[in-house]
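In: Here you go, sequence then predicted model.
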Amino acid sequence: MDDLFFGSRAKRNHQQAHALARLLGQQGQAIAHRYLGHAYEIGIGVAPDTTLALFHWKKAAALGDTESQATLAHAYAQGAVGKKSFRKAAWWDRKAAKGGHTTAQYNLGQAYATGTGVVKDPHQAFKWWLKAAKNGHAKAQCNLAVAYETGVGTQKNRRAATRWYSRAANSGDELARRNLTRLRSTFPHKGVRK
């Protein structure tokens, strides 16, 4: 199905892609609804239609597709499906995050950190950043390091802050690299904990 929707010109066939996705969708295949949602979102083989995109993403999300759940969260946060709703965005991010979707875990942490769509809760922010950080999300790793450095949502722990800044910097996060340099220059000796 991927080749039919997005493959090289030789493999791409939008008519077959839609037929296959509809057939698989009728059989309860979440990924088929996800593909149809994206097709209607940007107009792949059909006229763009946000109502139908939303319909198919919700079908896929109800079938447990975390990618569609995260897509719905993003769509509600951006107002791509009508009026912005940060509450709905956080609800869908929570579903996807519980299913292991790393970006949704990070986004849910951000929501709790800022109180966007949920009640502000630094401990919940820390919890979700930790999950995303363990899954390799560089920005979550940096945010986790800041939490350890400042003691927001967790106890201060300079070693843990250094470790997470280092991981984020190794993943290419520029802010983490700068913070790591600053932290090391403030306490250059190994084993110093404050």
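Out: Structure received.
In: Give the other helices and strands that the helix or strand hosting Lys88 contacts.
Out: Assigned by DSSP states H and E, Lys88 belongs to helix 86-98. Packing contacts for helix 86-98, counted by 3 or more CB pairs under 8 Å, 6 or more residues apart in numbering; DSSP states H and E, involve helix 66-78, helix 102-114. The way it works is simple: take the backbone N, C-alpha and C, and place the C-beta from them, glycine included.
In: separation between the nearest residue in space to Gly172 that is not next to it in sequence and Ser171?
Out: Once flanking residues are discounted, Gly172 sits nearest to Ala138: 6.1 Å by CB to CB, 6 or more residues apart in numbering. Using CB to CB, to the nearest Å, one obtains 4 Å as the distance from Ala138 to Ser171.
In: Look at these two and report which has more neighbours.
Out: Comparing Ala138 with Ser171 by other CB atoms under 10 Å, the one with more neighbours is Ala138, at 20 against 15.
In: between the helices and strands packed on helix 86-98, which one is nearest to Phe6?
Out: Phe6 lies closest to helix 66-78 among the helices and strands packed on helix 86-98, at 14.5 Å (CB to CB).
In: buried stuff in that closest one?
Out: Buried residues in helix 66-78, defined by neighbour count with 16 or more other CB atoms under 10 Å: Thr66, Glu67, Ser68, Gln69, Ala70, Thr71, Leu72, Ala73, His74, Ala75, Tyr76, Ala77.
In: Stretch 33-44 now?
Out: So stretch 33-44, judged by 16+ other CB under 10 Å, has buried residues His33, Arg34, Tyr35, Leu36, Gly37, His38, Ala39, Tyr40, Glu41, Ile44.
In: Please apply the same query to stretch 116-130.
Out: Residues of stretch 116-130 classed as buried by neighbour count (16+ other CB under 10 Å): Gly117, Val118, Pro122, Gln124, Ala125, Phe126, Lys127, Trp128, Trp129, Leu130.
In: Can I get the residues you listed in JSON lines including secondary structure and distance to Gly153?
Out: Output for these, formatted as JSON lines (DSSP: H, G, I helix; E, B strand; the rest coil; distance: CB to CB, whole Å):
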{"residue": "Gly117", "secondary structure": "coil", "distance to Gly153": "18"}
{"residue": "Val118", "secondary structure": "coil", "distance to Gly153": "14"}
{"residue": "Pro122", "secondary structure": "helix", "distance to Gly153": "3"}
{"residue": "Gln124", "secondary structure": "helix", "distance to Gly153": "8"}
{"residue": "Ala125", "secondary structure": "helix", "distance to Gly153": "5"}
{"residue": "Phe126", "secondary structure": "helix", "distance to Gly153": "3"}
{"residue": "Lys127", "secondary structure": "helix", "distance to Gly153": "8"}
{"residue": "Trp128", "secondary structure": "helix", "distance to Gly153": "10"}
{"residue": "Trp129", "secondary structure": "helix", "distance to Gly153": "8"}
{"residue": "Leu130", "secondary structure": "helix", "distance to Gly153": "9"}
